[in-house]
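**Q** Predicted model, plus sequence, below.
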Amino acid sequence: MEVYSWDIVQATILSQAEVAGTPIPESLFERNNFFSPQGLGCNLTFFEVSSKGAEKLAEYVSQEYLGTSGGLTLSGIPPHVYTDITPCNISTAQQFTKAVQKLKKRNKANDRLRDAIAMWKNASDLVNSKRYVFISFDIEVYEMDHKILLELGWSMFDSQTNRYMDQHYINSTYRHLSNGRFVDDQKLKFMFGVSVWASLDQALTEFRKDLDWCVRRDGGYVLVGHGLENDFKFLAMQKFKWPVAGGRGSHNDVSRSAVVASLDTETLYGAYSNSLHNPPSLGRSMDNLNLESWCLHNAGNDSHYTMELFLHLCQKYPSTNAQAS
């Protein structure tokens, strides 16, 4: 069945009527008039109109306003291809408004999913290019005061050598504070190296040094995170400066730095699972993909596992051959 969007049908009716020299009054398509007992929309089925239904509507309007049968046609207009069509009987302006709101919400979700799939493809292409270092980072804050940063961890994956490099710093200024009431206390259980007690400034300095090294070698770096925006906000609170391409200073806006891409594993997992609704936690995402994870809520461990999740999802991106089949 060929299907046409209603806006195309409406535009075609109006334009052809104008060419015929008998313009249709704009009030015809006002909601209250269109869905009145005598209106055109009384017995139509929405969201989209089939070609057969559209032709009948065009013929009706032609007879009513032009006095000739078949004066309006949909010839030459390519039909849309839809994979998800939900019929909706509308007989009042209020029902139409409600249907439009529902459709806008669904279209917005579809747009977000398309953007997520585009990010997934970009992530896979960047990994396969074997050009950059990918850096996942994580911050653990004090559960009773989120302005206090207790840990900073990052994991660097060099795609040129397939090598992991992991770092974990614990804020020595707040040595006396620990989580455990709402979030597991795992700060002493870093599994991929040796934890370093240091001031937050020292930890951020070391993080910046690694970013600078990436810029010197590759011209940029790729950032990875699970719920990345939150970690960006925490670093912004500390007035962290990101290196700019070419070694020309720093910028507090990561998007204006030497970053090649910022890739969120929440979004990538949503693209993989075909749903961005209520994204799972890092641990649940790992479990769903049969990936092991231990001692989560340690900033170093979370960074490493985020990188593992990221690379695994990149491998899951369908190849060109798979898409073609």
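**A** Cool, got the structure.
**Q** for the protein, what are the low-confidence residue spans?
**A** Judged by pLDDT under 70, the chain has its weakly predicted residues at 1-9, 26, 29, 31, 34-35, 37-91, 99, 103, 320-325.
**Q** Determine the set of other helices and strands touching the longest strand along it.
**A** Ordering each strand of the chain by length in residues (DSSP state E) puts strand 145-158 first. Where contact means 3 or more Cβ pairs under 8 Å, 6 or more residues apart in numbering; DSSP states H and E, strand 145-158 is packed against strand 133-142, strand 163-171, helix 200-218, helix 299-316. In this view, the C-beta of every residue, glycine as well, is placed from N, C-alpha and C.
**Q** Run the angle between the last one and strand 163-171 for me.
**A** Regarding helix 299-316 and strand 163-171, their directions subtend 150 degrees when assessed with axes from the mean of the first three to the mean of the last three Cα atoms, to 10 degrees.
**Q** what comes up buried for helix 299-316?
**A** For helix 299-316, burial by neighbour count (16 or more other Cβ atoms under 10 Å) applies to 299-314.
**Q** got it, and the third one?
**A** Judged by neighbour count (16+ other Cβ under 10 Å), helix 200-218 contains these buried residues: 200, 203-204, 206-207, 210-211, 214-215, 218.
**Q** again with the shortest one
**A** Of the residues in strand 163-171, 166-171 count as buried by neighbour count, 16+ other Cβ under 10 Å.
**Q** can you redo these as TSV with distance to Ile139?
**A** Listed next are the buried residues of strand 163-171 as TSV, based on distance: Cβ to Cβ, whole Å:
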residue	distance to Ile139
Asp166	15
Gln167	13
His168	12
Tyr169	10
Ile170	12
Asn171	10
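**Q** ok, the nearest residue to Leu211 once chain neighbours are set aside - contacts?
**A** The shortest distance from Leu211 to any residue other than its chain neighbours is 5.2 Å, reached at Pro243 (Cβ to Cβ, 6 or more residues apart in numbering). By Cβ atoms under 8 Å, 6 or more residues apart in numbering, Pro243 lies in contact with 208, 211-212, 215, 250, 257-258.
**Q** Mind listing residues that contact stretch 289-303?
**A** Here stretch 289-303 makes contact (Cβ under 8 Å, 6+ apart) with 136-140, 151-155, 166-169, 179, 183-187, 189-193, 195, 226, 282-283, 286-287, 305, 308-309, 312-313.
**Q** Going through these, which ones are buried?
**A** Buried members of the contacts of stretch 289-303, counted by 16+ other Cβ under 10 Å: 136-140, 151-155, 166-169, 179, 185-187, 189-190, 192, 195, 226, 282-283, 286, 305, 308-309, 312-313.
**Q** how about the top helix by length along the chain: buried residues?
**A** Looking across the chain with DSSP state H, the single longest helix is helix 93-129. Under the neighbour-count criterion of 16+ other Cβ under 10 Å, helix 93-129 has 93, 95-96, 99, 113, 116-117, 119-120, 122-124, 126-127 buried.
**Q** Please identify which of the residues you listed is nearest to His277.
**A** Ranked by distance to His277 (Cβ to Cβ), the buried residues of helix 93-129 are led by Leu113 at 9.9 Å.
**Q** If we ignore the residues flanking it in sequence, what's nearest that closest one?
**A** In space, and not counting its chain neighbours, Leu113 is closest to Leu276: 6.0 Å by Cβ to Cβ, 6+ apart.
**Q** Ok, Ala236 next?
**A** Distances taken as Cβ to Cβ, 6+ apart put Asn252 closest to Ala236, at 6.7 Å, once the chain neighbours are dropped.
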